[in-house]
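# my questions are about this predicted structure, shown below with the sequence.
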Amino acid sequence: AVELTNAVIAHKAKVEPTVHAYLSDSHDRALATAKLVDEAIAKGEAISPLAGIPGAIKDNICIKDEPATCASKMLENFVKVADMPKDVIEKYNRGRKADYAVKDTTIKRNQQKLETCFQLIGKTNLAEFTASDCSELSSKLEEKPKNNKGAEKLSIRTRTNYLIVFKNFMEWCYREGYVSNDYSSNIVIPTKKVIQKIGVVEKIPFDKKDVLKFFNPDVFLKQIRDRKKIWRFYIPLIAMTTGARVNEICQLGINDIKKEKNIWYYDLNDEEETKSLKTIKSKRKVPIHSIVLEQGFLDYVKYMKSQKSERLFSDLTYREDSNYSQKPKNFYSEYIRNVGITDPRKSFHSFRHLFKQMMEKSKIRTEVQNAICGWEGHNIGENVYGKIDVKDMKDAIEMVKFNFLQKTLQQIKDNKPNFLKFNEI
């Protein structure tokens, strides 16, 4: 790239006195960029098709820190210094981090979504944006491939998430004066009814037959082939007895298993950079159900501490797009169908719906339900972290009985393979 750029600069110097094609140049900037491209190529990094190829830009197009005179004496000293999407996104993210304590991982994910939206729109200057650019974004997202393979498109839920992030950003741009009009009304977010109509089914709880199929000892124990896969044993039990979301369980650290007033509980938090929660209300303490304790959970925690492990399920690795839950989501999506649960409205998240249903049948107070499951509040909105006594939550959780599963759980306990036993280590 450097060699090609030098050749173009030399040719320009040779012919420019005759053709007078250029009003200004940025040779140093071009060479610095070319050097970066050469370094990326040497490292084997992926580059865009036009990376490192010099070009000329018409002088009525704004480029950051470069003159844009439109060949006019009146604009001779005009230099556009900001309003490029990338620069404005960075300022937007700095403000969100300072004002709302948004985590770096969340900022990075949303920044990638915004950059994708701007690439699809195809404009590099916010001042050039129009209402039609914003209204057409939805159709462009529909054509965007999910990955580099190109066959599968983004789901309606993923596209909706992109549009929400972009709409929030454009509303901020209008308030800050980066765009002259409020284009947010041109960005239409699909409603829940629209999403369902398109074919995204609403999830429903497992019933008793489903749970018995899921924990069938002959199948359930067989799929835990070694100690590394112990998450396949405990994650479903924790989900069923807490209503916790799958990633909330997957990201648990050893130090998140705590004791207060002689009661063991999970501390669901986002205090580490790789942890995330769906909402602020999702931060909570959830007592451990006796069902989980009876399956040797504390012995397992003790064992992992002896192994100097920081994480409860060390086999689960972090990914920016799915945190720690990608492996379990993929596994349980197939496992659920293999055990004969075929209703498309049922997924691993059905454990959360089941626990909600069972709490309601057990007549547990709404504010306690919210505290346990991290809901915003169906009838009341409370920030419940630390406000509901852990003993009250423990009593409530133990009111949720799984009597229909008692025999199955005992069979699981009695037939555990040796690598799932820790009290003898």
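Looks like it arrived, so ask away.
# now stretch 99-112: buried residues?
Along stretch 99-112, these residues count as buried under the neighbour rule (16 or more other C-beta atoms under 10 Å): 103, 105, 107, 109-111. For glycine as for every other residue, the C-beta is placed from the backbone atoms N, C-alpha and C.
# one more: stretch 236-255?
236-254.
# repeat for stretch 58-74
59, 62-63, 66-69.
# dump it to PDB, restricted to CA.
The C-alpha atoms that make up stretch 58-74 are tabulated as PDB, following Å, rounded to 0.1, in the frame of the first residue of the first chain:
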ATOM      1  CA  LYS A  58     -14.600  15.600  -4.800                       C
ATOM      2  CA  ASP A  59     -14.200  18.900  -2.800                       C
ATOM      3  CA  ASN A  60     -17.900  19.300  -1.900                       C
ATOM      4  CA  ILE A  61     -17.700  16.200   0.300                       C
ATOM      5  CA  CYS A  62     -16.700  16.800   3.900                       C
ATOM      6  CA  ILE A  63     -13.800  14.800   5.400                       C
ATOM      7  CA  LYS A  64     -12.700  15.300   9.000                       C
ATOM      8  CA  ASP A  65      -9.800  17.800   9.300                       C
ATOM      9  CA  GLU A  66      -9.600  18.300   5.600                       C
ATOM     10  CA  PRO A  67     -10.700  21.500   3.600                       C
ATOM     11  CA  ALA A  68     -14.000  21.400   1.800                       C
ATOM     12  CA  THR A  69     -14.000  24.500  -0.300                       C
ATOM     13  CA  CYS A  70     -16.300  23.500  -3.200                       C
ATOM     14  CA  ALA A  71     -13.700  25.400  -5.300                       C
ATOM     15  CA  SER A  72     -15.000  28.600  -3.800                       C
ATOM     16  CA  LYS A  73     -13.000  31.500  -2.500                       C
ATOM     17  CA  MET A  74     -15.800  32.100   0.100                       C
END
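# change the start of the numbering to 44 and stick with it
Fine by me, first position is 44 from now on; the one you just mentioned is stretch 101-117.
# for that stretch, give the mean pLDDT please.
In this model, stretch 101-117 carries a mean pLDDT of 75.
# and that stretch, how far out from the chain's middle?
40 Å (C-alpha atoms, centre = their mean, to the nearest Å).
# in helices, which of the buried residues of stretch 279-298 fall?
Under the assignment DSSP state H, those contribute 279-285, 289-293 to helices.
# nearest to Ala89 among the buried residues of stretch 101-117?
Nearest to Ala89 among those is Ile106, at 24.4 Å by C-beta to C-beta.
# pretty sure the closest one sits in a helix.
No. Assessed with DSSP: H, G, I helix; E, B strand; the rest coil, Ile106 is coil; it does not lie in a helix.
# who's in contact with the residue nearest to Lys272 when sequence neighbours are not counted?
Among residues not flanking Lys272 along the chain, Asp358 sits closest, at 6.6 Å (C-beta to C-beta, 6 or more residues apart in numbering). Asp358 makes contact with 271-274, 370, according to C-beta atoms under 8 Å, 6 or more residues apart in numbering.
# hmm, try it at 7 Å
271-272, 274 (C-beta atoms under 7 Å, 6 or more residues apart in numbering).
# mind listing the strands the longest strand along the chain pairs with, and their directions?
Secondary structure of the chain per DSSP state E: the longest strand is strand 306-311. Here strand 306-311 is paired, per DSSP bridges, with strand 300-303 (antiparallel), strand 327-330 (antiparallel).
# all set, thanks.
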